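Trainee: Quick one: sequence plus predicted model below, questions after.
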Amino acid sequence: MAKDFTCEIYRSLLSALQKADYSFQTFEEFLTKPVRRSVVLRHDVDARAFNSLNFAQIQADMGIRGVYYFRAVPQSWNVDVIKEIASLGHEIGYHYECLTTCQGNMKSALTDFDKNLTALRQLAPVSTICMHGSPMSQYDSKDLWNDHNYQDYDIIGEPYFDVDFKQVFYLTDTGRSWDGGNYSVRDKVDSSFTVSFKSTDQIIAAAEDQALPDQIMFTFHPQRWTDDMASWTQELILQNIKNVVKKYFFVRKA
């Protein structure tokens with residue numbers, strides 16, 4: 001049995017979903033031409049951009065496309081990686097956190113959003129966006145849209161606003177686990193599904209048993225997934241520390 005959060009088990013997950021007759025759609029495709037039995041592979045490129053490139057190459061080798069959301073910070077925004085992932089046929093999106101970076105100043109946040117979106121569009125087409133949770137911040141960047149419309153920027157969708165998660169099963173590796181609700185500050189949805197999984201192996205088994213819902217959105221943070229055991233162990237230790245901090249100092253206040 002492969003260790004969890006490795007590229008090896010990631011390939012096994014994709015293979016199991018393919019064998020279960022799921023179609024893989026980018027988020028843009030899902031919004032414009034949804035398929036009844038489909039999977040959206042969403043990737044939040046928070047750090048270690050080359051891990052995301054590795055994911056993108058694995059998917060391309062399997063004939064699969066996903067969506068990759070890049071933050072406007074050095075640990076995510078790697079021009080060469082963005083261009084290479086786009087060239088492999090994947091969707092590129094903006095992982096915005098403007099209210100955090102602008103300390104809650106709405107006017108500055110909108111200016112920052114426009115600037116970063118324009119810069120990203122110089123590298124690849126961008127039609128969707130996704131909020132970065134910034135769990136240690138008091139600001140929720142989704143609030144940017146309380147009195148403004150992202151459609152004004154030629155954006156057609158944002159997962160937290162434009163997906164009916166009562167119909168679409170949501171699975172996220174937040175907290176380096178698949179049942180990490182206790183560690184999640186903002187990566188939460190209003191779901192009607194009660195099933196949960198503790199490991200990727202359990203998701204694979206459910207796919208093999210045809211026990212998963214017809215429409216699924218996965219959220220991956222590729223910096224957590226690696227076959228290099230030194231990096232894998234480091235990520236495990238750091239994430240466990242982060243989970244304790246988030247659970248006791250941020251989640252309990254939410």
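Mentor: That came through fine.
Trainee: list the contacts for the closest residue to residue 143 other than its chain neighbours?
Mentor: Across the structure, with C-beta to C-beta, 6 or more residues apart in numbering as the measure, the residue nearest residue 143 apart from its sequence neighbours is residue 99 (6.1 Å). Every C-beta, even on glycine, is put in place using the N, C-alpha and C of the backbone. By C-beta atoms under 8 Å, 6 or more residues apart in numbering, residue 99 lies in contact with 106, 109, 137, 139, 140, 141, 143, 144.
Trainee: So which of those residues belong to helices?
Mentor: Secondary structure of those is defined by DSSP state H; positions in helices are 106, 109.
Trainee: could you flag which of the contacts of residue 99 are buried?
Mentor: For these, a neighbour count by 16 or more other C-beta atoms under 10 Å gives the buried set as 109, 137, 139, 140, 141, 144.
Trainee: For those, give me CSV that also has distance to residue 30.
Mentor: Below are those laid out as CSV (distance: C-beta to C-beta, whole Å):
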residue, distance to residue 30
109, 27
137, 29
139, 28
140, 24
141, 22
144, 23
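Trainee: Closest one of those residues to residue 218?
Mentor: Using C-beta to C-beta, residue 141 is the member of the buried ones among the contacts of residue 99 that lies nearest residue 218, at 21.5 Å.
Trainee: which residues of the stretch 101-250 of the chain fall in helices?
Mentor: Applying DSSP state H, counting those that start in this stretch to the stretch 101-250 of the chain gives helices spanning 106-121, 159-162, 200-208, 229-249.
Trainee: what comes up buried for the first one?
Mentor: Of all the residues in helix 106-121, those buried under the rule 16+ other C-beta under 10 Å are 109, 110, 112, 113, 116, 117, 120.
Trainee: Can you tell me which of these comes closest to residue 22?
Mentor: Using C-beta to C-beta, residue 120 is the member of the buried residues of helix 106-121 that sits closest to residue 22, with 28.6 Å.
Trainee: OK, contacts around the closest one?
Mentor: Under the criterion of C-beta under 8 Å, 6+ apart, the contact partners of residue 120 comprise 70, 72, 82, 92, 94, 126.
Trainee: Restrict stretch 15-23 to CA atoms and write it as PDB.
Mentor: As requested, C-alpha coordinates have been extracted for stretch 15-23 and formatted as PDB (Å, rounded to 0.1, in the frame of the first residue of the first chain):
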ATOM      1  CA  SER A  15      -6.800   5.700 -12.500                       C
ATOM      2  CA  ALA A  16      -9.600   4.500 -10.300                       C
ATOM      3  CA  LEU A  17     -11.800   7.500 -11.300                       C
ATOM      4  CA  GLN A  18     -11.100   6.800 -15.000                       C
ATOM      5  CA  LYS A  19     -12.000   3.200 -14.600                       C
ATOM      6  CA  ALA A  20     -15.200   4.300 -12.800                       C
ATOM      7  CA  ASP A  21     -16.200   6.100 -16.100                       C
ATOM      8  CA  TYR A  22     -15.900   9.700 -14.900                       C
ATOM      9  CA  SER A  23     -15.100  12.500 -17.300                       C
END
